[in-house]
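Novice: When you get a sec, could you give me coordinates for this:
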Amino acid sequence: MQATALITGASTGIGKDLAEIHASKGGDLVIVARSKDKLDTVKSELESKYGIKVLVLVKDLTKLTAAQEVYDEVKKTGLNIDILINNAGFGGLGQFNEQNPELLMQMINLNVTTLTLLTRLFMPDFLERNRGKVLNVSSTASLMPGPLQAVYFATKAYVTSFSNAIAEELHNTDVTVTNLMPGATETDFGSRSGMDKTEMFKTAVSSMGVAKAGYAAMMKGKLDVISGLTTSQKMMMAMIPFMPKKMMLSQMRKMQTV
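Specialist: Below you'll find the model as predicted:
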C-alpha cells in the first residue's frame with residue numbers, strides 16, 4: 001500500500017518538488033496552499049504523469065483556524081495521512097521596528113502555529129497506527145540569530161527545536177520526525193522576502209536538490225538534514241559555534257544587507 005502525503009505550501013518551490021517526488025513513487029497526495037489555480041495545475045500534472053490521486057485544499061495557512069480546518073476536511077474524506085510535510089513558510093527582510101506588524105504575526109502564525117497544530121492534530125492518528133512520518137521544513141537560519149530577519153530566523157529556531165524534541169519523545173515508536181534545514185534555495189521565498197538581492201542568495205541552489213535530500217532523510221527517519229550549502233557556506237556554518245557572538249551577528253547583518 002502506497003503512503004498518502006499531506007504537503008503544505010505545495011504550489012511552488014520545495015513543496016511542489018516534494019509533491020513530485022512522492023507522486024513519482026506512486027503515493028497519493030493532499031496538497032495545501034492559497035492559490036487554487038497553482039494547486040489545480042500541480043494536481044493535473046501529477047495525476048496525468050504518475051496515475052496517482054491528488055486532493056486539493058485551498059487554505060490561507062496564516063489563519064489561526066487553518067490547521068483545524070485542514071484536519072477536519074481530510075478526516076471527512078476518510079483518507080489516512082501517512083506522511084505530514086510542513087513546508088509552507090515565508091520571511092521578510094528589514095529592520096524589525098520598520099516591518100509591518102500584521103505581516104510579522106502572519107509569519108509567526110504560518111511558520112510556527114500552523115506547523116505546530118497540524119503536527120499535534122495528525123500525531124495521534126500516526127501513533128494509533130504506530131506508523132507515520134513528519135518532515136518539517138526549517139532552515140539553516142534556525143542555527144543562529146538573523147539581524148534584518150529577526151522574526152523569520154526566530155521562527156525557524158522554533159521549528160528545529162520543536163522537531164528535535166518531539167522526535168525524541170517518539171523514540172520508542174515507529175513514528176519519526178525529520179527536520180530539513182535548507183540554505184539559500186531558488187524558490188519564490190527569495191523574491192517575496194527580498195533576500196534574492198542579498199549576498200547570501202548569490203549562490204542559491206535548486207529546490208529539487210533540497211527536496212530530494214529532505215525526502216530521502218525523512219524516509220530513513222533521520223533527525224536533521226542540512227541541504228543546499230556551498231563549500232564556503234559549510235565552512236562558515238562549522239565556525240559559528242566558535243565565533244564571538246557579536247562578530248557572528250555583524251557578519252550575518254552584512255550578508256543580509258541589500
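
Novice: Now the element after the lengthiest helix in the chain, going C-ward?
Specialist: Secondary structure of the chain per DSSP state H: the longest helix is helix 150-169. Proceeding N to C from helix 150-169, the next assigned helix or strand is strand 175-182, under DSSP states H and E.

Novice: Give the buried residues for the longest helix of the chain.
Specialist: Residues of helix 150-169 classed as buried: 150-160, 162-164, 166-167 (neighbour count, 16 or more other CB atoms under 10 Å). Quick note: C-beta positions are derived from backbone N, CA and C, even for glycine.

Novice: go on, stretch 105-114?
Specialist: Buried, per 16+ other CB under 10 Å, within stretch 105-114: 106-114.

Novice: sorry, back to before: dump the longest helix of the chain to CSV, keeping only the CA atoms.
Specialist: Output of helix 150-169 as CSV, limited to C-alpha atoms (Å, rounded to 0.1, in the frame of the first residue of the first chain):
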residue,chain,number,x,y,z
ALA,A,150,14.8,38.7,13.3
VAL,A,151,11.4,37.1,13.4
TYR,A,152,12.0,34.7,10.5
PHE,A,153,15.2,33.3,12.0
ALA,A,154,13.5,33.0,15.4
THR,A,155,10.5,31.1,13.9
LYS,A,156,12.9,28.6,12.2
ALA,A,157,14.8,28.2,15.5
TYR,A,158,11.5,27.1,17.0
VAL,A,159,10.8,24.6,14.2
THR,A,160,14.2,22.9,14.7
SER,A,161,13.9,22.8,18.5
PHE,A,162,10.3,21.6,18.3
SER,A,163,11.0,18.9,15.7
ASN,A,164,14.0,17.5,17.6
ALA,A,165,12.2,17.5,20.9
ILE,A,166,9.1,15.5,19.7
ALA,A,167,11.4,13.2,17.7
GLU,A,168,12.9,12.1,20.9
GLU,A,169,9.5,11.8,22.6
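
Novice: Can you name every helix or strand that it contacts?
Specialist: In terms of contacts (3 or more CB pairs under 8 Å, 6 or more residues apart in numbering; DSSP states H and E), helix 150-169 is packed against helix 101-108, helix 115-129, strand 132-137, strand 175-182.
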